[in-house]
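Undergrad: build the 3D model from these lines:
(2 chains)
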Protein chains: 2
Amino acid sequence: MQTLHVDLAERSYPIYIGAGVLSRADLLASHIVGRQVAIVTNETIAPLYLQKLQDTLANYRVTPIVLPDGEAFKNWETLQSIFDGLLGARHDRRTTVLALGGGVIGDMAGFAAACYQRGVNFIQLPTTLLSQVDSSVGGKTGINHPLGKNMVGAFYQPQAVLIDTRSLDTLPPRELSAGLAEVIKYGLICDAPFLDWLEENMAALRSLDQAALTEAIERSCAAKARVVGADEKETGVRATLNLGHTFGHAIETQMGYGVWLHGEAVAAGTVMALEMSHRLGWINADERDRGIRLFQAAGLPVVPPQEMTPAQFMEHMAVDKKVLDGQLRLVLLRSLGEAVVTSDYPADILSATLAADYPALVARLNNQ
Amino acid sequence: MQTLHVDLAERSYPIYIGAGVLSRADLLASHIVGRQVAIVTNETIAPLYLQKLQDTLANYRVTPIVLPDGEAFKNWETLQSIFDGLLGARHDRRTTVLALGGGVIGDMAGFAAACYQRGVNFIQLPTTLLSQVDSSVGGKTGINHPLGKNMVGAFYQPQAVLIDTRSLDTLPPRELSAGLAEVIKYGLICDAPFLDWLEENMAALRSLDQAALTEAIERSCAAKARVVGADEKETGVRATLNLGHTFGHAIETQMGYGVWLHGEAVAAGTVMALEMSHRLGWINADERDRGIRLFQAAGLPVVPPQEMTPAQFMEHMAVDKKVLDGQLRLVLLRSLGEAVVTSDYPADILSATLAADYPALVARLNNQ
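TA: Purely as a prediction, here's the structure:
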C-alpha cells in the first residue's frame, strides 16, 4: 500500500492506494471518531461492495443509503434523500459519512457531509478510475443545477481517501477510458515525462495491469495533491486542473447530463484546448496530434458533437465558474506539460477553435 | 457609528452599528470586490428598504431577489430560487450577496452564498432586533428540514455586518420583543451586570429609544463576537449561546415553523432552562423568577404551549444538534451570568422540568 498526503494545514489528510484497502478495518477506524457511520453508495456499487464494507465496519452502527446511479441524479432531490437517511437514523454531529462509489457519489456525499448539521466528517472510498485520480482528492463537492454543472457546492475536505485498485476489476471499459482522460490531463498540464510513460503503458492500463494502474493513480494523485496544497480554493494554479473542462462542461450541459460521460467530454474538450493552443502558436501541430493520439489510445472520443454550434458552446461557457467579471478564462497549454489560465487571447481564435473541422483534423491524423 | 470586530484570523470581519449605516455607500464599497451584487430580501422588507439600498449601490450591477416572508419558507425551494436568480443574471464567483432582512433572510442568503459556485462573498444587513443581536454575527447559515430546524447549513462568515438602528422603527412590536429574548439571554449566560441594566432600561428599549437600543445591540454583539471568536465551530463554549434553544426548537418544531416566533420559543424555552437549573439546586427561586420577570417585561411568553407533552419534547430534542453519541446536552445556568453545557444531570430532573406546571408557577410569581 502507498500513502500520499494532501497538505492543507489543519485540513490535511492521507490518501491510501493499494489492492484490498477497503477491507482494512484499522485504516477506517483511525479516521472515524464516533460510533455512527453512514455509507452513501448507489444501486450499481451496492451489490458489489456494500456488504463487504459493512463487514469491515462490524463495530459501528451503520446506515446504508443507496442512491440511483448516474450524473442525472446529482441534484437536490437525491441530496435530500441523504439528509432524510441521516436524520431518519438520528445521526449526530459526530457521525462519519463514507462515500462508496464514483465521482457523483463522492460529490454528493461530500456535499451532504459539508451541510449536514453544518458539517460532519467524511471519508472518500472511490471505486472508479475517474474518481480515484480526480474528484476524490481536493475537497470539491456539490450538485448540478439545471442552468449549470456543479453550480451549488462546497470546498470540504475528507478525513481520508482510500483507493482500492481492485475495485477497478468490476469497472466497465467505457468508464475506465473516461478515467484515463483525467490521467492524461495530468501529463499535459504539469508532467511531460508522464506522457512518455502513458504512451508506453496505455495497453497495460486498459488491460487492468495492477502495477501500471497503481503507478498511474499514484502519479495522478500526487500531481493533484501538489496543486490543491498550493491553492485549495482555486484562486490560481488549481484552475489548470480544469484543462478541457470549460469546453467539456458545455458539451455535457448541451447533450444532457450523463449522455456523454464526464471523462469523454473532457477528452473532446481537451482536444479543443489543444487546437486553440496550437492556433495561438503555443504548441505545434505534432504536439497537438500527440495529445489527440493519447486520448484515442485510451479509447476516448476526440471530436466534439457535430450537432453542437459555436453559439451553443458560448452560451454554456458564459456561466462557467471561471468567468470573472464577464471575462471567460480558459486553461490552455504553453507547451506539453505546462498549462496556463488566461483570458488574454484574441476572440477570433476562440471563435475559430469552436468552428474548427475536428472530423477532418482527426481523419488527417489517422491517415498519417 | 460604533465598530466591533469578530476575530477569526483570515475570516475576521467588522460589525458597524449606527443610525443610517444602510445609506453609507463607502462602508459597503469597502467590502465588495466585483461589480455585481445580489440583494436577497423578502416581500415585507423590500417596500421599506430595497430602493434605498439600490440607490446606495448605484455603481453596481444589482440583482434584487425578493423571497416570501417567514420561517415557513426557510427551506430548499426558497434557497433554490436564490440560485435561480444568481444564475439567471449570470453572477460569477466574484459577486457579493447582500442579506437585507431578518434572521431567515440572513440564514438563507448566507447559506446560498456559502454554496453558490462553492462560495461567494456576502454581507449581512440585518433589519430586525433578533438578527442584529444574534443570527447576523457568527457565521451560522442554513435551512430547515421537515425533521429538524437548521439541520442543513454551513459555518460561513460574512465580509461585514451593517446594523442600522433606524430599521427598528418599522419593526412590529411583537418582533421587537422576540429580539429582546436573545438580548436577555446574553445577560443570563455571561453578563450579570447587563441584567441590572436591562431591568432599568426595558421600557426605553420597547419604546425604541435609540440610545438604549444602540447600547443593548453593542453589548449583545460584543458578547457574541467574544464567544464566536473563541469557538467558531461550536466545539465548546459557543454552545452556551443556545440557552433555551433546545427546549425552544422543540416548541417551534411541534407547533409548526413560524407559529411561535423564534424569540418567543426561546423565551419559553429559557424559562424551562431556568426551572431545570433551579431544580438542580444551581440557582434559587428568586433568581429563576428574576429571569422570568425580565422576559415578561419584554412582552414575551413565559409558559410553554400547554398542549405539548413531555414525550413530544423528548422526541424533538433527540434530533437536536447538541446530541452527541446519543447523549442530550443542555445549556443550563450555574448562576445568573454563568452558563454551562452539560449532559451530566439526573434524567428525572429533566422529566420533572418537562412536566412542571408553568402556568401555576407564573401565576404565583405574578401574585407576589
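Undergrad: for the closest residue to A:A273 other than its chain neighbours, give me the pLDDT.
TA: Leaving out its chain neighbours, the residue that sits closest to A:A273 by Cβ to Cβ, 6 or more residues apart in numbering or on different chains is A:G244, at 5.1 Å. To be clear about C-beta, it is placed using only N, CA and C from the backbone, and glycine gets the same treatment. Here, the pLDDT recorded for A:G244 equals 96.
Undergrad: which residues touch A:Y16?
TA: By Cβ atoms under 8 Å, 6 or more residues apart in numbering or on different chains, the contact list for A:Y16 reads A:1-3, A:24, A:27, A:160-163.
Undergrad: same check on A:D357?
TA: So A:D357 contacts nothing (Cβ under 8 Å, 6+ apart).
Undergrad: quick one: it and chain B, what's the gap?
TA: For A:D357, the distance to chain B equals 31 Å [Cβ to the nearest Cβ, to the nearest Å].
Undergrad: just A:A38 next, same as before
TA: Taken as Cβ to the nearest Cβ, the span from A:A38 to chain B is 14 Å.
Undergrad: also A:I184?
TA: In terms of Cβ to the nearest Cβ, A:I184 sits 25 Å off from chain B.
Undergrad: residues near the residue nearest to A:A273, how many?
TA: Neighbours of A:G244 under the rule other Cβ atoms under 10 Å in any protein chain shown: 29.
Undergrad: just the ones of the contacts of A:Y16 in helices?
TA: Here DSSP state H is the test, and those give A:L27 as lying in helices.
Undergrad: list buried residues within the contacts of A:Y16.
TA: A:2, A:24, A:27, A:160-163 (16 or more other Cβ atoms under 10 Å in any protein chain shown).
Undergrad: columns distance to chain B and pLDDT on top of these, output as TSV?
TA: Shown next, in TSV, are the buried ones among the contacts of A:Y16 (distance: Cβ to the nearest Cβ, whole Å; pLDDT from 0 to 100):
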residue	distance to chain B	pLDDT
A:Q2	29	88
A:R24	24	93
A:L27	22	94
A:A160	20	97
A:V161	19	96
A:L162	24	97
A:I163	23	96
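Undergrad: could you list the buried residues of stretch A:358-368?
TA: Those buried within stretch A:358-368 under the rule 16+ other Cβ under 10 Å are A:358, A:361-362, A:365.
Undergrad: thought the residue nearest to A:A273 was touching A:M276?
TA: No: look at A:G244 against A:M276 with Cβ atoms under 8 Å: they stay out of range, at 10.6 Å.
Undergrad: measure the residue lying closest to A:N284 once chain neighbours are set aside to chain B for me?
TA: Distance criterion Cβ to Cβ, 6+ apart; nearest residue to A:N284, sequence neighbours excluded, is A:H278 at 7.0 Å. A:H278 sits 28 Å away from chain B, going by Cβ to the nearest Cβ.
Undergrad: what number of residues lie near A:H278?
TA: So A:H278, with other Cβ under 10 Å, has 22 neighbours.
Undergrad: closest to B:L130 among the buried residues of stretch A:358-368?
TA: Proximity of those to B:L130 (Cβ to Cβ) peaks at A:Y358, which lies at 58.8 Å.
Undergrad: and the pLDDT for the closest one?
TA: Reported pLDDT for A:Y358: 97.
Undergrad: and A:D231, by the same measure?
TA: For A:D231, pLDDT reads 87.
Undergrad: which non-adjacent residue is nearest it?
TA: A:R238 (4.0 Å).
Undergrad: which residues are in contact with that neighbour?
TA: A:R238 neighbours (Cβ under 8 Å, 6+ apart): A:138, A:227-228, A:230-232.
Undergrad: spell out which parts of chain A neighbour chain B.
TA: A:34-36, A:76, A:80, A:83-84, A:87-88, A:90, A:92-94, A:114-119, A:140-142, A:145, A:147-148, A:150-155, A:233, A:318-319, A:321, A:323-326 (Cβ under 8 Å from any Cβ of the partner chain).
Undergrad: can you flag which of those residues belong to helices?
TA: Those of the residues of chain A next to chain B lying in helices (DSSP H): A:76, A:80, A:83-84, A:87-88, A:114-115.
Undergrad: now those residues in a markdown table, with neighbour count?
TA: Formatted as a markdown table, those follow (neighbours: other Cβ atoms under 10 Å in any protein chain shown):
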| residue | neighbour count |
| --- | --- |
| A:W76 | 16 |
| A:Q80 | 15 |
| A:F83 | 22 |
| A:D84 | 14 |
| A:L87 | 18 |
| A:G88 | 13 |
| A:A114 | 27 |
| A:C115 | 27 |
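Undergrad: next secondary structure element downstream of the longest helix that chain A contains?
TA: The single longest helix within chain A, with elements called by DSSP H, is helix A:210-230. Using DSSP states H and E, the helix or strand that follows helix A:210-230 towards the C-terminus is helix A:245-255.
Undergrad: show me what that next one is packed against.
TA: strand A:148-155, helix A:262-279, helix A:310-317, strand A:330-335 (3 or more Cβ pairs under 8 Å, 6 or more residues apart in numbering or on different chains; DSSP states H and E).
Undergrad: can you pull the pLDDT of A:S12?
TA: 89.
Undergrad: and it, how far from A:L4?
TA: 11 Å (Cβ to Cβ, to the nearest Å).
Undergrad: out of the two, which sits in the more crowded spot?
TA: The residue with more neighbours, out of A:S12 and A:L4, is A:L4; 20 against 12, by other Cβ under 10 Å.
Undergrad: just the buried members of the residues of chain A next to chain B?
TA: By 16+ other Cβ under 10 Å, the residues of chain A next to chain B give A:34, A:36, A:76, A:83, A:87, A:92-94, A:114-119, A:140-142, A:145, A:148, A:150-155, A:319, A:321, A:323 as buried.
Undergrad: excluding its backbone neighbours, what's nearest A:L57?
TA: A:V37 (6.0 Å).
Undergrad: now do the contacts for that neighbour.
TA: Here A:V37 is in contact with A:57, A:60-63, A:95-98 (Cβ under 8 Å, 6+ apart).
Undergrad: what of A:H245?
TA: A:266, A:269, A:331.
Undergrad: out of the residues you listed, which end up buried?
TA: A:266, A:269, A:331.
Undergrad: so which of those comes closest to chain B?
TA: A:V331 (15.5 Å; Cβ to the nearest Cβ).
Undergrad: now that closest one: how far from A:E234?
TA: Distance from A:V331 to A:E234, by Cβ to Cβ: 12 Å.
Undergrad: could you confirm A:Y186 falls within a helix?
TA: Yes: judged by DSSP: H, G, I helix; E, B strand; the rest coil, A:Y186 forms part of a helix.
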